[in-house]
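*Asks:* Okay, sequence plus prediction incoming.
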Amino acid sequence: PGPPVSLTGGERERVRRDSWRMASSQAGLVVSAALAGTAAFLTLRWIWRNAGPKKLIITVPATTANLACGFDTFGAALDIYLTLEATITPREKSTRFVYQGQGAAEVVLDETNLTWVSAVKCQQKYAKDKLLPKMKISVQNPVPFGRGLGSSACAIISGVVLANEVLGLKLTKEQLLNAALEIEDHPDNLSAALFGGATASGVDDSGNCFVRPFKISPSIRAVVVIPKFQLSTQKARDALPEKYPKKDCIFNLQRVALLPLALSEDPPDSRVLRELLRDKLHQGQRSHLIPGLAQCLAYGGDAALQSEDCIAIALSGAGPSIIALCTGSYSEICHAIEANLKANNVETEEAHENLPFSSKGTQARWSNAFL
């Protein structure tokens, strides 16, 4: 190498400026590349989240109906939920179901499934000019079939909500319930599954519903004992007479008028509620279909059923499940009901002890099928 070059002050300043310009240019390239990478990442993320196949997630609560005196009128949502996931893609040529949980071995998996039939009924009622796209529907179901816990209401309500969401119909809850009533003609389970909480509901001469929700005291929990056999709603209805004595109708009317008010009180008045949760129109007439029910309704057997913690016992819906409204001693009350059934040779499945009533009705949300 040659001898060192001596730079003047001006030359040194020019070198510094040139070096700074070169470094700034290189830094700019790095920043631009980083910004471009970030933009590309955000674009890809948006496509991933928004342009892929859509998945609709619907949750529907199990329900109990009647609450003794309110035949075909009262319903209440329970903290047990069916979950349906519907994936819509252009590649699907027919709607098919994947089913897990209760009823998986007996439910149909094609377009005769009650959920899809209900969705089509809603579409035909409110959007004849639109068609439901084909889709894959996955169901997780913890609600046993034919046990009086609203399994058919879960299927029907999930179907009408599916049609409403997929077709963008923006229907009211009353309109959804009216569509559901074209499948099942009593609104008690349906309204509770859709609205959540407890509901009083009726149907006018044109088949349109009217519903008013009411609250159940947070101090009250449910014990649900489930016999190991199914009882169809139709068979349970066939057990009822065509006519009733006037005094029996008045008996139930008095209790129907007071029950929603008494259930909402906190703390609950156990003595009043036990009297209001009596019935003369359907439970006694069905007791021969569920051996052991009569003893439970009479609070016979174990002393736990006569305690203040056991507010009342009722047939859940059309049965055969039995529900107790309680403020404590849940396990003892559950075992006492099971013992009454066992004494009549009725086996039971795993019961629900200390089960909350749910204030949440049916929920629906969209997501990307890839997420």
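*Replies:* Perfect, I can see it now.

*Asks:* so who does the spatially most central residue of the chain touch?
*Replies:* Compute the mean C-alpha point of the chain, and by C-alpha atoms, centre = their mean the closest residue is residue 60, 1.6 Å away. For residue 60, the residues meeting the contact criterion (C-beta atoms under 8 Å, 6 or more residues apart in numbering) are 81-82, 84, 153-154, 157-158, 161, 193, 362. Every C-beta, even on glycine, is put in place using the N, C-alpha and C of the backbone.

*Asks:* Secondary structure for the residues you listed - can I get that in CSV?
*Replies:* Below are these laid out as CSV (DSSP: H, G, I helix; E, B strand; the rest coil):
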residue, secondary structure
81, strand
82, strand
84, strand
153, helix
154, helix
157, helix
158, helix
161, helix
193, helix
362, coil
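
*Asks:* nearest to residue 368, of the residues you listed?
*Replies:* Using C-beta to C-beta, residue 84 is the member of those that sits closest to residue 368, with 17.0 Å.

*Asks:* Might one say that the closest one is in contact with residue 156?
*Replies:* No - between residue 84 and residue 156 there is no contact under C-beta atoms under 8 Å: 11.9 Å.

*Asks:* Tell me which of those two has more neighbours.
*Replies:* In terms of neighbours (other C-beta atoms under 10 Å), residue 156 is the more surrounded of residue 84 and residue 156; the figures are 31 against 25.

*Asks:* thinking again about what came up before, now for residue 84 and residue 156: what residues contact both?
*Replies:* With C-beta under 8 Å, 6+ apart, residue 84 and residue 156 have common neighbours residue 115.

*Asks:* pLDDT (mean, whole number) over stretch 287-307?
*Replies:* For stretch 287-307, the per-residue pLDDT values average out at 97.

*Asks:* That one: which residues count as buried?
*Replies:* Of the residues in stretch 287-307, those with enough neighbours to count as buried (16 or more other C-beta atoms under 10 Å) are 287, 289-297, 299, 301-302, 304-305, 307.

*Asks:* which ones among the residues you listed are found in strands?
*Replies:* Helix and strand membership here follows DSSP state E; of these, not one is in strands.

*Asks:* Widest-spaced pair of those?
*Replies:* In terms of C-beta to C-beta, the buried residues of stretch 287-307 reach their longest pairwise distance at 289 and 307, which sit 27.6 Å apart.

*Asks:* quick revisit: want to throw the contacts of residue 60 into CSV with distance to residue 317 and pLDDT?
*Replies:* Supplementary listing: the contacts of residue 60 in CSV, determined by distance: C-beta to C-beta, whole Å; pLDDT from 0 to 100:
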residue, distance to residue 317, pLDDT
81, 17, 98
82, 16, 98
84, 21, 98
153, 9, 98
154, 12, 98
157, 15, 98
158, 18, 98
161, 21, 98
193, 12, 98
362, 18, 98
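
*Asks:* For the protein, give me the ranges with low pLDDT.
*Replies:* Scanning the chain for pLDDT under 70 picks out 1-13, 15-16, 18-20, 22-53, 369-371.
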